[in-house]
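1. missing the sequence, but the structure's below:
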């Protein structure tokens, strides 16, 4: 340390505002420099003696001051007083105990929310009495009437028989709406079990396996072959999408003409065509359902919706 | 409520935060912590006990008014003595020093800290004490400001620079000048020579 630097820091040294390293350097400099030692000694002596006598404020100083302080607070504008109140409340809100309590309440609240939402999720796949998943609410599939006692439990595979079965089901009263279908009172047989098993697999959204089982059932001449073919097509749609499902729906309509499964297949075809942007063919498909009692109303609504979507905005109503 | 002992250990900033939130006892703690320093700072600046009493109160009332806008990055002592410094300057402008001296005694002897304990001032000799007081009173205002902020208010040089609105280097130069003048007033006393050893 040189003399210039010492002169610059000597006051900091006197008042203890230097860091340890610089203090040590300054002290080393003073050991070597008489001038530095002399400057510091005079400053220290001056400071040591130059202490002014201290006086205490008058006795009423504090009381008078606090009285005036209270008056000032009382005269604060409402905005400032509100600010103080908010600040005070915020101060309490920031206390750790309150934060922990709030977190605990939040955790309990969110847990209750999860507990409440579970049944709703479960019911979402149980809305149709036929057991079709919620996404397939608009599927109109009547239950196949039970085979007559004279009929064998496992009839030989024949498409006309399956179609006739589906047709007879179509003749049963079917209420308009997704979940008010005819109720099967058939006794479960082996074929019925196989269909139900496939349906359960379908409901579990294992569509690949469901498709394989439904395809097999539809080809085996099962009494519910038409439905099985339709579900196989639906599975295809769920696996590969609408474009891949269109030929499958078309095959259902061809194999089981005039059956409810065929009408549902046409309905699904129309929905897929609409989804794919093929409005002319969708319209054509909907129109083909206008004469089918079970589908006419929905087809009309779909056509109206399709027409409104393609009507230019602002066009004058006829 | 915070116990009194705990409050007394709180930092100035924490107390101001509590005061902002409506805890008036925090202000009382701050007042008790600083009232002697503020009173003596104003007293030595103005030389009149009456003015010092009034101005020192105004300093704390200035804190009350400034509390909603208090910036927590600024030390409380800087705010407090900046207000004090401004009020002293205003008072100096309003009342010439001669009139101030006529307003009353410097301060009653009974109010001096240590009075009645057998001690005559901090260094024991009335002549020396008078000489110190006279030397400080005779300092130019700029040097007196810096000297009192350092010795009475016990502010570091950086805070003094903020309060007096000048650079830290300028503050130290003023302080060196003040100490040199004080040394001239003290160097003939035996106590000074003894302190040099």
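-> Right, received. Where do you want to start? Only a predicted model underlies this, so the values are computations on that prediction, with no experimental measurement involved. Numbers count the residues shown, from 1 in each chain, chains lettered A, B, ... in the order given.

2. what about residue A:59, neighbour count?
-> Residue A:59 has 9 neighbouring residues, counting by other CB atoms under 10 Å in any protein chain shown. The way it works is simple: take the backbone N, C-alpha and C, and place the C-beta from them, glycine included.

3. List the buried residues in the helix or strand hosting residue B:182.
-> Secondary structure from DSSP states H and E places residue B:182 in helix B:168-186. For helix B:168-186, burial by neighbour count (16 or more other CB atoms under 10 Å in any protein chain shown) applies to B:171-179, B:181-183, B:185-186.

4. what stretches of chain A score poorly on pLDDT?
-> Per-residue confidence for chain A (pLDDT under 70) gives these ranges: A:79-94, A:116-192, A:310-318.

5. related to what we said a few turns ago, may I see the buried residues of helix B:168-186 organised as JSON lines, with distance to chain A and pLDDT added?
-> Shown next, in JSON lines, are these (distance: CB to the nearest CB, whole Å; pLDDT from 0 to 100):
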{"residue": "B:171", "distance to chain A": "9", "pLDDT": "95"}
{"residue": "B:172", "distance to chain A": "5", "pLDDT": "94"}
{"residue": "B:173", "distance to chain A": "9", "pLDDT": "94"}
{"residue": "B:174", "distance to chain A": "10", "pLDDT": "95"}
{"residue": "B:175", "distance to chain A": "6", "pLDDT": "95"}
{"residue": "B:176", "distance to chain A": "6", "pLDDT": "93"}
{"residue": "B:177", "distance to chain A": "11", "pLDDT": "94"}
{"residue": "B:178", "distance to chain A": "9", "pLDDT": "94"}
{"residue": "B:179", "distance to chain A": "5", "pLDDT": "94"}
{"residue": "B:181", "distance to chain A": "10", "pLDDT": "93"}
{"residue": "B:182", "distance to chain A": "5", "pLDDT": "91"}
{"residue": "B:183", "distance to chain A": "4", "pLDDT": "91"}
{"residue": "B:185", "distance to chain A": "8", "pLDDT": "88"}
{"residue": "B:186", "distance to chain A": "5", "pLDDT": "87"}
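
6. Kindly reformat these as TSV containing distance to residue B:136.
-> Below are those laid out as TSV (distance: CB to CB, whole Å):
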residue	distance to residue B:136
B:171	17
B:172	18
B:173	18
B:174	13
B:175	13
B:176	15
B:177	13
B:178	8
B:179	11
B:181	9
B:182	7
B:183	12
B:185	9
B:186	11
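
7. so what does the one helix or strand residue B:129 maps to touch, helix or strand wise?
-> In this structure, residue B:129 is located in helix B:126-137 according to DSSP H and E. Judged by 3 or more CB pairs under 8 Å, 6 or more residues apart in numbering or on different chains; DSSP states H and E, the packing partners of helix B:126-137 are helix B:141-151, helix B:168-186.

8. ok, residue A:292 - contacts?
-> A:263, A:299 (CB atoms under 8 Å, 6 or more residues apart in numbering or on different chains).

9. And it, how far from chain B?
-> Separation of residue A:292 from chain B (CB to the nearest CB, to the nearest Å) stands at 75 Å.

10. what are the ranges of the helices in chain A?
-> With helices called from DSSP state H, chain A shows them at A:3-14, A:20-32, A:34-49, A:61-74, A:78-93, A:96-123, A:159-170, A:190-203, A:207-219, A:225-240, A:242-255, A:260-275, A:279-288, A:293-310.

11. circling back: which secondary structure elements does the helix holding residue B:182 sit against?
-> So helix B:168-186, by 3+ CB pairs under 8 Å, 6+ apart, packs with helix A:3-14, helix A:34-49, helix B:126-137, helix B:141-151, helix B:157-164.

12. Deepest-packed of the ones you listed, please.
-> With neighbours defined as mean count of other CB atoms under 10 Å in any protein chain shown, the helices and strands packed on helix B:168-186 peak in mean count at helix B:141-151, which reaches a mean of 22.

13. Run through who's touching that one.
-> Applying CB under 8 Å, 6+ apart, the external contacts of helix B:141-151 come out as A:15, A:47, A:50-52, B:41, B:44-45, B:81, B:85, B:92, B:136-137, B:139, B:155, B:157, B:159-160, B:163-164, B:171, B:174-175, B:177-179, B:181-182.

14. go again using 6 Å as the cut-off
-> For helix B:141-151, contacts defined as CB atoms under 6 Å, 6 or more residues apart in numbering or on different chains pick out B:41, B:44, B:155, B:160, B:164, B:171, B:174-175, B:177-178.
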